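What follows is a protein structure lacking sequence information:
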């Protein structure tokens, strides 16, 4: 499994979009590699943090606009 495939699987896990076969695959991978479980936990924590921080499109849009204004003003 490539890193990209692994993170796509993690993302689907976080958004509850895993198919049954993907869920079984992830459980099997975690059973084979304990470090993968820790990596998934870290990914889930980060995902939750980012969802809380940038939960709405309005907030993300406001941040983007603010950064653009700062860039235009100071750079």
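On my side now, so go ahead. What you are looking at is a predicted structure, and each value in this text was computed from that prediction instead of being measured.

Please work out the average pLDDT along the longest helix that the chain contains.
If you go by DSSP state H, the chain has its longest helix at helix 34-53. On average, the pLDDT along helix 34-53 is 88.

So which elements touch it?
Identification of packing neighbours for helix 34-53 by 3 or more C-beta pairs under 8 Å, 6 or more residues apart in numbering; DSSP states H and E yields helix 3-14, helix 20-32. Where C-beta positions appear, they are placed from N, C-alpha and C, glycine not excepted.

what's the closest of those helices to residue 52?
Of all these, helix 3-14 sits nearest to residue 52, with 12.7 Å by C-beta to C-beta.

now that closest one against helix 20-32, angle please.
110 degrees (axes from the mean of the first three to the mean of the last three C-alpha atoms, to 10 degrees).

Show me which residues of helix 3-14 are buried.
By 16 or more other C-beta atoms under 10 Å, the buried positions in helix 3-14 come out as 6, 9-10, 13-14.

mind checking how far the residue nearest the centre of the chain is from residue 23?
Note on the chain: the residue nearest the mean C-alpha position is residue 47, at 4.3 Å, using C-alpha atoms, centre = their mean. Applying C-beta to C-beta, to the nearest Å, the value for residue 47 to residue 23 is 17 Å.

again with residue 11
Residue 11 is 14 Å from residue 23, by C-beta to C-beta.
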